[in-house]
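Participant: I'll drop the sequence and a predicted model, then ask my questions.
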Amino acid sequence: MKPSLFHAWLLAVTSLSSVSKALPPSEQGLAEKSLPPVATYPSPLSPDLPYDVDVPQLRALSTTPAKAAPPYNIPDDNVPSAQRLFDIFAWQSFIALNWPALPDGEPDRAKTPADATAPRVWERFVEVSEVFRENGAAPRTWKEAVEASWKNRTLWMSGMGVGQPPDEVDKPGALHPPILDESLQAFTGPMVDQEGKWVRYQVALNQVEFDYLVQNKLYNQEGQAAFTAENKIEFPSNIGTTKRGAMEVKMAWKQLSPKDRLRLMKFVCSFVWADLEVKESELEMQTFCSGGPGGQHQNKTQSGVRLIHKSGVRAESRTERSQHKNYDNALKLIKARLYAIEEQKRTGDLEKRYDAKGEIAFGSQIRSYVLQPYTLVRDERPGIEVKTPQVMQVLDGDIDEFMQAYLRHKTERQHKKK
């Protein structure tokens with residue numbers, strides 16, 4: 001259970017001020033006013049968890065730029081720029097919470113999100129069931145609650161097991177109870193989606209919120225009733241950039257239904273074709289004299305070129321006085337013809353392969369990729385025994401081992417048929 005960020009796609013937005021240069025002078029001021037600058041996503045990635053959006057920039061976009069504290073009124077024209085500030089805040093928070101963590105929960109600045117071996121910062125939060133315990137019992141200490149929250153559990157479906165014997169969870173390859181095991185909400189009922197299915201989710205709290213709930217005995221109904229009789233529940237908020245407030249991380253699984261568009265999920269079917277290459281060693285070149293208009297003024301030099309491919313496809317050119325130019329023209333023609341023939345073959349082969357590929361769903365993939373809580377790539381096709389823990393190398397294109405295993409298996413089957 002070590003979620004990692006696979007790829008971070010950062011968006012860069014260019015300035016739009018140059019648009020006004022193409023407008024009449026009378027409209028330039030209006031264009032500049034309606035196109036406020038849009039902030040860019042910061043780079044490189046940072047483990048620092050932001051406290052808030054960039055308030056000075058947000059204030060500058062408002063109708064009251066002199067007002068010290070929010071809330072601010074943002075004009076319609078400035079909403080996209082303001083939204084970008086919140087998008088950046090959410091992105092930086094996501095990166096920081098998924099940064100590899102030290103044992104005390106602080107980010108490990110010697111590592112990056114690409115490190116799949118370390119627990120994440122959010123894994124040093126406490127899951128909600130360690131706060132709202134059975135029969136309203138008081139929670140354990142923070143350290144004990146953190147340990148109990150994540151021990152022998154997994155976030156990903158590939159490692160999840162239901163009813164796994166407690167004495168087998170430490171064995172290699174053993175299945176673990178899922179983290180996302182909550183369906184009932186505290187003191188209410190089940191969380192149900194629009195399809196009527198129970199949602200499996202998890203909520204994790206940071207120590208600030210945990211301490212507030214424990215100190216005020218808000219972990220059971222009796223404690224809540226006693227506290228709210230004289231007080232208002234107000235979770236701690238940030239104090240500038242010196243002290244963090246209460247924080248929650250919520251994760252949920254969506255149960256697929258027939259109404260869901262599977263193309264939006266994590267199933268991918270792809271076919272890869274190599275570019276068509278025509279080698280000159282496969283061509284036979286013939287030269288001939290080009291004739292002039294009406295057969296008169298015969299060209300006495302061998303400027304015409306005819307190319308014949310080993311497959312029998314041929315092309316010629318006599319339109320240029322230069323043999324080199326005619327050769328280039330003939331080469332382009334024969335490549336075009338070979339490509340058209342190959343495209344017809346590929347189209348027919350593609351249709352056959354597509355029809356034979358099977359269902360695009362779990363259980364039909366030719367390879368499975370396990371990224372958490374361990375790393376493993378395995379070929380799922382019967383008769384092909386190949387697997388490797390080097391997931392990132394495979395994702396980067398190093399699939400020679402899998403291709404060779406498939407070709408060996410294919411050759412063996414062909415020999416058996418003979």
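Facilitator: That came through, no problem.

Participant: ok, so what distance separates Val199 from Glu123?
Facilitator: Distance, Val199 to Glu123, by CB to CB, to the nearest Å: 21 Å. C-beta coordinates here come from the backbone N, C-alpha and C atoms, glycine included.

Participant: Tell me the pLDDT of the residue nearest to Ser129 when sequence neighbours are not counted.
Facilitator: Leaving aside its chain neighbours, Ser129 sits nearest to Glu182 (6.6 Å; criterion: CB to CB, 6 or more residues apart in numbering). At Glu182, the model reports a pLDDT of 71.

Participant: swap in Phe210?
Facilitator: Looking at Phe210, the pLDDT reads 96.

Participant: Ser15 too?
Facilitator: In this model, Ser15 is scored at 27, pLDDT.

Participant: remind me which residues of the stretch 301-418 of the chain are low pLDDT?
Facilitator: For the stretch 301-418 of the chain, applying pLDDT under 70 flags the ranges 346-364, 371-374, 418.

Participant: residue ranges for the strands of it, please.
Facilitator: 304-309, 314-317, 367-370, 376-379, 387-388 (DSSP state E, counting those that start in this stretch).

Participant: Break this protein down into its domains, please.
Facilitator: According to automatic domain parsing, the chain comprises the domains 1-120, 125-257, 280-356, 367-417.

Participant: Kindly reformat those domains as CSV containing mean neighbour count.
Facilitator: Shown next, in CSV, are the domains of the chain (neighbours: other CB atoms under 10 Å):
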stretch, mean neighbour count
domain 1-120, 14
domain 125-257, 14
domain 280-356, 14
domain 367-417, 14
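
Participant: so what's the residue nearest to Ser129 bridging to?
Facilitator: Per DSSP bridges, the residues bridged to Glu182 are Tyr201.

Participant: isn't it right up against Val128?
Facilitator: Yes - with contact defined as CB atoms under 8 Å, Glu182 and Val128 form a contacting pair (6.8 Å).

Participant: Common neighbours of those two, please.
Facilitator: Residues touching both Glu182 and Val128 (CB atoms under 8 Å, 6 or more residues apart in numbering): Gln202, Val203.

Participant: Next, work out how far apart the residue nearest to Ser129 and Ala204 are.
Facilitator: For Glu182, the distance to Ala204 (CB to CB) stands at 11 Å.

Participant: any residues in contact with both of these two?
Facilitator: The contact sets of Glu182 and Ala204 overlap at Val128 (CB under 8 Å, 6+ apart).

Participant: Please enumerate the helices of the stretch 151-300 of the chain.
Facilitator: 207-215, 221-228 (DSSP state H, counting those that start in this stretch).

Participant: pLDDT score for the residue nearest to Val199 when sequence neighbours are not counted?
Facilitator: Closest residue to Val199 apart from its sequence neighbours, by CB to CB, 6+ apart: Met191 at 4.4 Å. On pLDDT, Met191 comes in at 76.

Participant: mind listing what Met191 touches?
Facilitator: Shown in contact with Met191 (CB under 8 Å, 6+ apart): Ser183, Leu184, Gln185, Trp198, Val199, Tyr201.

Participant: Next one: it relative to Arg133, how far apart?
Facilitator: As judged by CB to CB, Met191 and Arg133 stand 19 Å apart.

Participant: same question, Arg140
Facilitator: Arg140 sits at a distance of 9 Å from Arg133 (criterion: CB to CB).

Participant: which other residues reach stretch 218-236?
Facilitator: 131-133, 136-139, 187, 208-209, 212-213, 216-217, 245-246.

Participant: from these, which has minimum pLDDT?
Facilitator: Least confident by pLDDT among those: that is Phe187, with 61.

Participant: that older thread, ramachandran angles for the residue nearest to Val199?
Facilitator: Dihedral angles of Met191 (phi, psi; degrees, to the nearest 10) stand at phi -90, psi 120.

Participant: now do Asp108
Facilitator: According to degrees, to the nearest 10, Asp108 has phi -90, psi 100.

Participant: Hmm, Ala118 and it touching each other?
Facilitator: Yes - between Asp108 and Ala118 there is a contact under CB under 8 Å: 6.3 Å.

Participant: what is Tyr369 paired to in the beta sheet?
Facilitator: With DSSP bridges as the criterion, Tyr369 is bridged to Val377.

Participant: in the stretch 301-418 of the chain, which spans are helices?
Facilitator: Assigned by DSSP H, counting those that start in this stretch, the stretch 301-418 of the chain shows helices spanning 323-356, 391-395, 400-417.

Participant: what comes into contact with the shortest one?
Facilitator: Contacting residues not belonging to helix 391-395 are listed as Phe6, Ala114, Ala116, Tyr369, Val370, Leu371, Thr375, Leu376, Val377, Thr388, Phe402 [CB under 8 Å, 6+ apart].

Participant: ok, back up a step: just send the helices of the stretch 301-418 of the chain back as TSV, with distance to Glu230 too.
Facilitator: Shown next, in TSV, are the helices of the stretch 301-418 of the chain (distance: least, CB to CB, whole Å):
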stretch	distance to Glu230
helix 323-356	69
helix 391-395	55
helix 400-417	66
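
Participant: who wins for proximity to Ala148 among those?
Facilitator: Among those, the nearest to Ala148 by CB to CB is helix 391-395 (29.5 Å).

Participant: Skipping its backbone neighbours, what lies nearest Arg413 in space?
Facilitator: Nearest residue to Arg413, sequence neighbours excluded (CB to CB, 6+ apart): Gly383, at 7.9 Å.

Participant: quick one: that neighbour and Thr411, what's the gap?
Facilitator: The gap separating Gly383 from Thr411 is 12 Å, by CB to CB.

Participant: before we move on, what about Asp76?
Facilitator: To Thr411, Asp76 is 66 Å away according to CB to CB.

Participant: can you check Asp400 too?
Facilitator: From Asp400 across to Thr411, the span is 16 Å (CB to CB).

Participant: Over to Leu61?
Facilitator: Taken as CB to CB, the span from Leu61 to Thr411 is 65 Å.

Participant: Could you double-check that Ile308 lies in contact with Leu283?
Facilitator: Yes - between Ile308 and Leu283 there is a contact under CB under 8 Å: 6.8 Å.
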